[in-house]
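**Q** Let's see this in three dimensions:
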Amino acid sequence: MTEEAPPEIEELKPPPEILKIEEALHGLYFLRKRLLKDYIALELLYQKKKEIYDKPPLNGIYSALAKHIKKTKRDVERIIEKLAMMHPMWNSFFAKIKGIGPLYAGLILGRVPAWKFANPSRLRKYVGWAPPHVYGDRRAFDGHLKSLFYNIAMNFLKQKNKYASQYYEWRKQEEEKMVMATKQAVPTIKSAPRNKKHAHYRAIRKVISMFLAHYYEVYWRKVLKIQNPPKPYFMIKGMGEYIPPHVF
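**A** You can find the predicted model right below:
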């Protein structure tokens, strides 16, 4: 007996109350992003014109503006955290993972709610963490979003959770490939990383891919009530088999 195919992507939407939360989080994601850019731009301007802004009558303006932007950003983040904890995915998924709090949960739910993607692979590609060959000639993705998931993965390593355990296992495999390629004097072998830094990023990409697949699966099951969501494509060289969310 074959599994029943999931409904068409156009038919899939969360309940109105959840959709309302995600729409608010979507707007807050871009507001926070704008504030981050403004703070960086202000810092660069200050460093470039420091001798002007440190003297009267302009002294104090930089610090006042920087303080205002930081406070506004934190106020926005508090709202994001509050809304994220109202979303069913918080208790069903994010709260169970060490290393990801309500802020990151809210940013993910606002920017990439899983119902908008036909399968986990499209989600992975959209956030910029699919393997390079998947992109083809185009590499259109949100760089800010890609950095967000890198920070999440690094938090996993600090918290030493199950994703961190998988990272070290995958990194060891990548470094072994690198050693073998060196011994065989074939450094250009496609399956081998070029150096330890490259091995690190390849292992991080696998961690993020696994996390995104878990997020996608739990979202479809808990929010969309689809018990047979599209399966992730993990048959990439060196990726290994898919490990279900409950293991993590």
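**Q** going forward, measure contacts and count neighbours with C-alpha atoms only.
**A** Fine.
**Q** so the residue lying closest to Pro113 once chain neighbours are set aside is in which element?
**A** Once flanking residues are discounted, Pro113 sits nearest to Glu22: 7.4 Å by CA to CA, 6 or more residues apart in numbering. Under the criterion of DSSP states H and E, Glu22 resides in helix 16-48.
**Q** which other residues reach the helix or strand following that helix?
**A** Where DSSP H and E defines the elements, the next helix or strand beyond helix 16-48 is helix 50-53. The contact list for helix 50-53 (CA atoms under 8 Å, 6 or more residues apart in numbering) reads 46, 58-62.
**Q** Specify which member of these is nearest to Tyr201.
**A** Nearest to Tyr201 among the contacts of helix 50-53: Tyr46, at 33.5 Å, using CA to CA.
**Q** Looking at the closest one now. What's its pLDDT?
**A** Here the pLDDT value assigned to Tyr46 is 91.
**Q** For it, which residues are in contact?
**A** Applying CA under 8 Å, 6+ apart, we find Tyr46 in contact with 53, 62.
**Q** need the contact list for the closest residue to Pro230 other than its chain neighbours.
**A** Of all residues not flanking Pro230 in the chain, Asn119 sits nearest, at 5.4 Å (CA to CA, 6+ apart). Asn119 makes contact with 230-232 under the criterion CA under 8 Å, 6+ apart.
**Q** ok so, going back, okay, the residue nearest to Pro113 and Lys116: tell me how far apart.
**A** Glu22 sits 12 Å away from Lys116, going by CA to CA, to the nearest Å.
**Q** Tell me which of these two has more neighbours.
**A** Glu22 (24 against 13; other CA atoms under 10 Å).
**Q** quick one: which helix or strand includes Lys67?
**A** For Lys67, the enclosing helix or strand under DSSP H and E is helix 61-84.
**Q** so what does that helix touch, helix or strand wise?
**A** helix 16-48, helix 102-111 (3 or more CA pairs under 8 Å, 6 or more residues apart in numbering; DSSP states H and E).
**Q** Name the surrounding residues that touch the last one.
**A** The list of residues contacting helix 102-111 from outside it, by CA under 8 Å, 6+ apart, reads 22-29, 77-78, 80-85, 90, 94-95, 148, 152.
**Q** what residues are up against the residue nearest the centre of the chain?
**A** Centroid check for the chain by CA atoms, centre = their mean gives Phe149 as the closest residue, at 2.6 Å. Residues in contact with Phe149, defined by CA under 8 Å, 6+ apart, are Ile208.
**Q** for it, helix, strand, or coil?
**A** Recorded secondary structure, Phe149: helix (DSSP: H, G, I helix; E, B strand; the rest coil).
**Q** From Leu36, how far out is it?
**A** Taking CA to CA, one finds Phe149 at 16 Å from Leu36.
**Q** what's the answer for Gly143, then?
**A** Gly143 is 14 Å from Leu36, by CA to CA.
**Q** if you count what's nearby, which of these two comes out ahead?
**A** Shown here are Gly143 and Leu36; by other CA under 10 Å, Leu36 has more neighbours (15 against 10).
**Q** What residues does the more buried one make contact with?
**A** So Leu36 contacts Lys73 (CA under 8 Å, 6+ apart).
**Q** quick thing: my sequence starts at 55, can you match it?
**A** Noted, 55 is the first residue going forward, which turns the last one into Leu90.
**Q** Okay, and the closest residue to Ala168 other than its chain neighbours sits in which element?
**A** Excluding the flanking residues, the one nearest Ala168 by CA to CA, 6+ apart is Tyr270, at 5.5 Å. Tyr270 is located in helix 250-276, with elements delineated by DSSP H and E.
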